[in-house]
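Predicted model, plus sequence, below.
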Protein chains: 4
Amino acid sequence: MHFASDNWSGAHPRIAENLTRHAAGFASAYGTSDLDKAVEERFSAIFEREVAVFFVATGTAANSLALASLAKAGGVSFCHADAHVNADEGGAPEFLTGATRLFPVEGPEGKIDPRALETAIGRFEPASPHHGRAMAVSVTQATEVGTVYSLDELDAIAAVAKSRDLPLHMDGARFANALVSLGVTPAEMTWKRGVDILSFGGTKNGCWCAEAIVFFNPDLATDMPFIRKRSAQLFSKSRFISAQLEAYLENGLWLELAGHANAMSDRLRAGLSGKNTVRLAWDTTANEVFAVMEKSSVERAREKGAKFHEWQAPQGWLPLPREDETLVRLVTSFATTQDEVDQFIDVV
Amino acid sequence: MHFASDNWSGAHPRIAENLTRHAAGFASAYGTSDLDKAVEERFSAIFEREVAVFFVATGTAANSLALASLAKAGGVSFCHADAHVNADEGGAPEFLTGATRLFPVEGPEGKIDPRALETAIGRFEPASPHHGRAMAVSVTQATEVGTVYSLDELDAIAAVAKSRDLPLHMDGARFANALVSLGVTPAEMTWKRGVDILSFGGTKNGCWCAEAIVFFNPDLATDMPFIRKRSAQLFSKSRFISAQLEAYLENGLWLELAGHANAMSDRLRAGLSGKNTVRLAWDTTANEVFAVMEKSSVERAREKGAKFHEWQAPQGWLPLPREDETLVRLVTSFATTQDEVDQFIDVV
Amino acid sequence: MHFASDNWSGAHPRIAENLTRHAAGFASAYGTSDLDKAVEERFSAIFEREVAVFFVATGTAANSLALASLAKAGGVSFCHADAHVNADEGGAPEFLTGATRLFPVEGPEGKIDPRALETAIGRFEPASPHHGRAMAVSVTQATEVGTVYSLDELDAIAAVAKSRDLPLHMDGARFANALVSLGVTPAEMTWKRGVDILSFGGTKNGCWCAEAIVFFNPDLATDMPFIRKRSAQLFSKSRFISAQLEAYLENGLWLELAGHANAMSDRLRAGLSGKNTVRLAWDTTANEVFAVMEKSSVERAREKGAKFHEWQAPQGWLPLPREDETLVRLVTSFATTQDEVDQFIDVV
Amino acid sequence: MHFASDNWSGAHPRIAENLTRHAAGFASAYGTSDLDKAVEERFSAIFEREVAVFFVATGTAANSLALASLAKAGGVSFCHADAHVNADEGGAPEFLTGATRLFPVEGPEGKIDPRALETAIGRFEPASPHHGRAMAVSVTQATEVGTVYSLDELDAIAAVAKSRDLPLHMDGARFANALVSLGVTPAEMTWKRGVDILSFGGTKNGCWCAEAIVFFNPDLATDMPFIRKRSAQLFSKSRFISAQLEAYLENGLWLELAGHANAMSDRLRAGLSGKNTVRLAWDTTANEVFAVMEKSSVERAREKGAKFHEWQAPQGWLPLPREDETLVRLVTSFATTQDEVDQFIDVV
């Protein structure tokens, strides 16, 4: 019963196999091989336009370097208070952008409230050396708390950003989960909504280590080769990323895996909603479930071998757990089985 | 005939297989799994003392973060002018250390001359806000030009460093090749010589992506978890590095692979030394051969499909190639075959 | 009627004269002259213990380099949301500390609420590479909004900081105003309360440009000469700062000037409190007055030549101005005259 | 007999007086006052074109922020090995540019050799993430060793820079001394030669603290207000710089002072050239004299109260001092008297 995180799973067999398949032979290094180029073209096909793609080691790197490509002195990026860049990346976005700042914006269910965004940006208008200047907006899709922005919600964020000429970044560590949840195309969820740069995550969804920064306007990417190398994120044997992504993107494997993870969360949600020792904390539609559980129930589940994390309640979220309750996060992945889910439902 | 770089090869079958073997199941993330811990212990065993080990994405990251752990305001690190940190890492060591400086030191055959090192350090003595202050010495073993410091030569460098209380870093991107070349133990080539921090490279020698920072005094490593995360170098599915290294270090595979690469270079050197269209540029003992070739010979080899790079002559190296000659670098790896070598010798 | 800022005033005549007095002759540069040393000793006398003193160009530099001396990877400093470091320094604290982060803490009247501080620090406990780690607490005395922490309030902040082994920094851009307001000694308001590092401001109180970083434990200052130079804050003709501070600190001039500025604010407050076009926004005790004015009254005052800024209302402050009102900040200084104050009271 | 440095002198009486004259009254802060604007216009008049001017605290800040305005990831700036940015600024240029690099270029008499510059730039061509990319060329006028580039020599440097589309920065810490030495106009020595950004120094030539960054193309300066604030270099009471510069630039005072300093060096040079205990090390034409003196003579001079520094011999400079000799630097300033010079000549 592994619900601790989607990064506790390993690699999907087809991805592992493809890596092995490409292990032999020689290929030019640092992202210049035929395989690298083929995978880059695959990205353009998937996104229905020419994109520039840069592989990096971690989701944190993808987010940080995406913002670094937009960095300017006194710059401020706006993100949700619970966003990974703000809460979980150890200062990497600040460090790797040369000390630009993040400004947390509130909003329910892990989503930026467009009016709050407007107010937040307004604090830096007009641009001033004292207060700084707006530099970018970053949304997380799916969010950190299992919810997914609708296309309309993305449009509303983009409208605020565009009205200030601010580029829009999307942290897509769980991009495929969001896509499947919405049932739209990659293009529809990104550049057609006004997204300029995407952190495309494959690691949480069945790859070993496959994160890419995708520029929908390649002209914005001219500095990126230097930014990436300066940050020690240029792999020599780049094809080990490409080989993962080749399999990941082939025949829709990525969407299949995300679909499975989401379905497992759906099943978990459905199963838990009938329990009286548990209540769902808020509605989620990607591969995470947040639930308020009785502490005795948590203990029992753990004794039976269930793995999951207790979670810090988001600001403003109500009603708070009672003394004898706690908030838990349950994450499913491509590797979650129905049995695990059903067993967990039984246990709590 | 692939002699462009050891990072043009892929992954050794046993490493690829082990990665696949560990692909299934769940393991805690961010380097906390049992496999991660087992591999860390393996490092302690190999180095015959308790070490602290940190996996990172690239050799550039290993070098940069090793120096970052020693960083101080106004700090200056001393390295050979041709060292990778100085010549090939796009400013990452400076950037990731918070803008400390590198001071290049000359010396023949890619090795720091201890007297030149002494003079260089002397320029920053006594420490002054105006000139800065010495912070670290970094040696590359094997060097960028295929040579290997003897234990005595390492002692001489270490003696200079220690006499100034300077920590000694070793860039071991080709650590195994140097080890095999000298026929000594890992301990003998590192902490027994005074090395404090090692960049341990596996990528060039048969891994996909396996670089580790090894602290011989774990007390020096207390900040490293934060430094690594701040630099976006903490892998979530850390076991994909551990699985590679498990196989790499098992039954001496790493030394076997390095031994093969070195032997292929020896064979190449031997074969080329009898040619009259080629002369060896200097003596090498690791997995690189540098040769002055007639340009017509270069062209012929390339037509036959040989891959290799022309190389910038090191400063002060003599005699320079004639007009109709050029300096080339030939790198062998675990994947180089005798046939490739023999074919190349035939062609030139 | 100049109430825009205390930095709109120039230099006090005795400070200007002393600068002229020291203009002739030669003195060793970069802070090593006899005058520099004499002023440094004066600081030790004033603070009743041996301190280390570093002159820098601006208050922003003093704050930023004070924090830089405490910087560590993943570090987070806690300050009030309205603190100058957080709101008005253009990212300098982040940039000059190598991209550490600020975490804003709420509290009424511009003062950190100790319980909110505890909660905020708690978010980073235990220290983790993902979330970062607590690094420092910074209080502003007097605050940005004209209030002054009592000694008890400082004790409460320090108690939280000390219980977590966190160093305490005080931004004393208006240090003298706070001191006079409380009627205590410099020692009582700083190290006797647990302050470790002070940004000692002279500029707003009658100097041209005189800001000093004061370390109450000189052992913490060993890196500061390098940090200061690296940040281009080491003056060559350092005695031009020392000459200002010599006069500033002589015969209590600094306290006299701050006393005058505070008295002018008192007079302004008293005069405005009887008006029906104006209400005091909150109680202040240093050299600033915040008032809610009818917009027509603001306009009238400006027509008569009054200079002052409208101000952004602090979060949570109530009751908000009505549609036809606005919040204004009125700052007095050593150069404010009774006539100016009385004239302003008449006008509104 | 003060020949230690031109920054051992204080402020010229007319500058000190003007500072006092402007001490009273109120003026808007942060560089927005009428006086600030008047002085900025004065710069445009002096340089015979519209320029953008930014005051900063130190010469190191002027150089570092000038380069920061040109910074890009992987960027490399080329300067003479003995340039202040490279040798004496404690890493500030690297730190304040976000860790770009300096590449030292050799050349006789403290001047960049244009061919060596070409070779140096060539090492970074074509731009590559591994090696980095050329970002700027910086010349020092007058140089660190008392020499002055002729207009032709500046043209040669600029030609190399321009052929690579590289901006040209001039460190003019001793700008006036160079100007007087060449007998040309400010325009002729700067933008007419291809200089894009100038560090204009007033401190060494009679100001307390007056350094300005001058952009000959104001369009290049749009980020500078943010860069300056981020680096804590924006003075609140900016008029204390402006007041100095107003007097400095009035009626050619600055050229008069530099002329005097240069004349004192000429006199010193002439006087020393007839001595047999001393020989001039190389020819200088600004306000510095470098001489090889017998150690006994150095000792005698110091006993008589002469202040001066022994100096590190530049690389490649010949013939080296004998065992009983040493190289000394003698700097004159606006405050040097004929008597001091004559007395020194007598003593040695």
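Sure, I can see it.

Every contact and neighbour count from this point should use C-alpha atoms.
Fine.

Now for A:Ala286: which residues touch it?
A:Ala142, A:Gly146, A:Thr147, A:Val148, A:Asn177, A:Ala178, A:Ser181, A:Ala261, A:Asn262, A:Ser265 (C-alpha atoms under 8 Å, 6 or more residues apart in numbering or on different chains).

again, 6 Å this time
A:Ala286 makes contacts with A:Gly146, A:Asn177, A:Asn262, as judged by C-alpha atoms under 6 Å, 6 or more residues apart in numbering or on different chains.

quick one: which of those residues is nearest A:Asn7?
A:Asn177 (13.9 Å; C-alpha to C-alpha).

so what's the closest one up against?
Per C-alpha under 6 Å, 6+ apart, neighbours of A:Asn177: A:Ala258, A:Ala286.

Am I right that it sits in a helix?
Yes - counting by DSSP: H, G, I helix; E, B strand; the rest coil, A:Asn177 is part of a helix.

Distance-wise, check it relative to chain C.
As judged by C-alpha to the nearest C-alpha, to the nearest Å, A:Asn177 and chain C stand 23 Å apart.

still on that earlier bit, so which of the contacts of A:Ala286 is the closest to chain D?
A:Asn177 (33.8 Å; C-alpha to the nearest C-alpha).

buried ones in stretch A:10-26?
A:10-20, A:22-23, A:26 (16 or more other C-alpha atoms under 10 Å in any protein chain shown).

right, is that stretch up against chain B?
Yes - for stretch A:10-26, a contact with chain B is found by C-alpha under 6 Å from any C-alpha of the partner chain, at A:Gly10, A:Ala11, A:Ala16, A:Thr20, A:Ala23, A:Ala24, A:Phe26.

How about the backbone phi and psi for the last one?
Right, the one you point to is A:Phe26. phi -120, psi 150 (degrees, to the nearest 10).

and the residues of stretch A:10-26 next to chain B, which of them are in strands?
Judged by DSSP state E, the residues of stretch A:10-26 next to chain B include no members of strands.

Out of those residues, which is nearest to chain D?
Of the residues of stretch A:10-26 next to chain B, the one sitting nearest to chain D (C-alpha to the nearest C-alpha) turns out to be A:Phe26, at 20.9 Å.

quick one: contacts for the closest one?
B:Trp8, B:Ser9.

Also the one 3 residues further on?
Going by C-alpha under 6 Å, 6+ apart, A:Ala29 touches A:Ser236, A:Lys237, B:Trp8.

What about the residues you listed, which one has the most neighbours?
A:Lys237 (28 neighbours; other C-alpha atoms under 10 Å in any protein chain shown).

Quick check: that residue is in a helix.
No - looking at A:Lys237 with three-state DSSP, it is coil, so not inside a helix.

Please report the distance of it from B:Ala23.
20 Å (C-alpha to C-alpha, to the nearest Å).

picking that back up, wait, which of the contacts of A:Ala286 is closest to B:Pro129?
Closest to B:Pro129, out of all of the contacts of A:Ala286 and judged by C-alpha to C-alpha, is A:Gly146, at 51.0 Å.

That closest one reaches A:Glu288, doesn't it?
Yes - assessed by C-alpha atoms under 6 Å, A:Gly146 is found in contact with A:Glu288 at 4.8 Å.

hang on, the earlier thing: list the ones among the buried residues of stretch A:10-26 that fall in helices.
Judged by DSSP state H, helices contain the following of the buried residues of stretch A:10-26: A:Pro13, A:Arg14, A:Ile15, A:Ala16, A:Glu17, A:Asn18, A:Leu19, A:Thr20.

Would you mind giving these as a markdown table with distance to chain D and pLDDT added?
Shown next, in a markdown table, are these (distance: C-alpha to the nearest C-alpha, whole Å; pLDDT from 0 to 100):
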| residue | distance to chain D | pLDDT |
| --- | --- | --- |
| A:Pro13 | 34 | 97 |
| A:Arg14 | 33 | 97 |
| A:Ile15 | 29 | 97 |
| A:Ala16 | 30 | 97 |
| A:Glu17 | 32 | 96 |
| A:Asn18 | 29 | 97 |
| A:Leu19 | 26 | 96 |
| A:Thr20 | 28 | 96 |
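
Could you give the number of residues near A:Glu340?
17.

start to end distance for stretch A:314-324?
19 Å.

ok, and what's touching it?
So stretch A:314-324 is in contact with A:Glu294, A:Lys295, going by C-alpha under 6 Å, 6+ apart.

Which of the contacts of A:Ala29 sits closest to chain C?
Relative to chain C, and with distances defined as C-alpha to the nearest C-alpha, the nearest of these is A:Ser236, at 26.2 Å.

any idea how far whichever residue of the stretch 1-150 of chain A sits closest to chain B is from chain C?
For the stretch 1-150 of chain A and chain B, the shortest gap (C-alpha to the nearest C-alpha) falls at A:Ala92, measuring 4.1 Å. From A:Ala92 across to chain C, the span is 8 Å (C-alpha to the nearest C-alpha).

Not counting sequence-adjacent ones, nearest residue to that residue?
Excluding its sequence neighbours, the residue lying closest to A:Ala92 (C-alpha to C-alpha, 6 or more residues apart in numbering or on different chains) is B:Arg230, at 4.1 Å.
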